[in-house]
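*Asks:* I'd like to go over a predicted model; first the sequence, then the structure.
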Amino acid sequence: MIRVLFVCLGNICRSPMAEAVFRHQVKELHVEDRIEADSAGTGDWHLCKPPHEGTRKLLDEYGISYEGIRARQVLLDDYSNFDYIVCMDSSNERDVRAVFGSKSDGNAKVFKFMDLLPDHESDDVPDPYYTGNFEQVYELIDQGCRNLLARIMEAHHA
Ligand code: 4NP
């Protein structure tokens, strides 16, 4: 099984959206027996909560399931349990590497989501918790997840 973890700050807006969208794409390609996704936050404010209303509304509009998704915090063990750890912004990457400690220094399995979208200049997926713009985030997440899935299929012949 190939395991992907999406990480943001609160685990209620961006990373659960990425988890749901990526899972949806994985199912469309019928590779759900090979590729799994999860998400987590570096903060602990929203533990066990479902995704933010803005994320839910948008996923409903696109007919994408978020069933069973509940906020949790990043764990030390996530480093060994996942093959790809995709951080929604630069501060999430810094914080997650701090949780994992020096074993994650320079390890390429931890990277930024925007690295999947080389045509975009920004390093960060903007946080809709502050901007209110969930649609803009969905566009980035949809394309980035497609690129990630293609990359995984190529790397693992999944
Ligand atoms: P997320 O957005 O990291 O995309 O889930 C946030 C959600 C909650 C908070 C910050 C960002 N918060 O400060 O509670």
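*Replies:* It's in.

*Asks:* Strands along this protein, start to end?
*Replies:* 2-8, 35-41, 84-87, 110-112 (DSSP state E).

*Asks:* can you tell which of those strands is closest to the ligand?
*Replies:* strand 2-8 (3.5 Å; C-beta to the nearest ligand atom). For glycine as for every other residue, the C-beta is placed from the backbone atoms N, C-alpha and C.

*Asks:* now Leu9, nearest residue through space, not along the chain?
*Replies:* Gly43 (5.3 Å; C-beta to C-beta, 6 or more residues apart in numbering).

*Asks:* err, Pro51, not the other one
*Replies:* In space, Pro51 is closest to Pro16, 4.2 Å off (C-beta to C-beta, 6+ apart).

*Asks:* measure Lys27 to Ile64 for me?
*Replies:* From Lys27 across to Ile64, the span is 10 Å (C-beta to C-beta, to the nearest Å).

*Asks:* Who has more neighbours out of the two?
*Replies:* Ile64 (18 against 13; other C-beta atoms under 10 Å).

*Asks:* which residues does that one contact?
*Replies:* 20-21, 24 (C-beta atoms under 8 Å, 6 or more residues apart in numbering).

*Asks:* Repeat that for Val26.
*Replies:* Contact partners of Val26, counting by C-beta under 8 Å, 6+ apart, are 32, 35, 37, 149.
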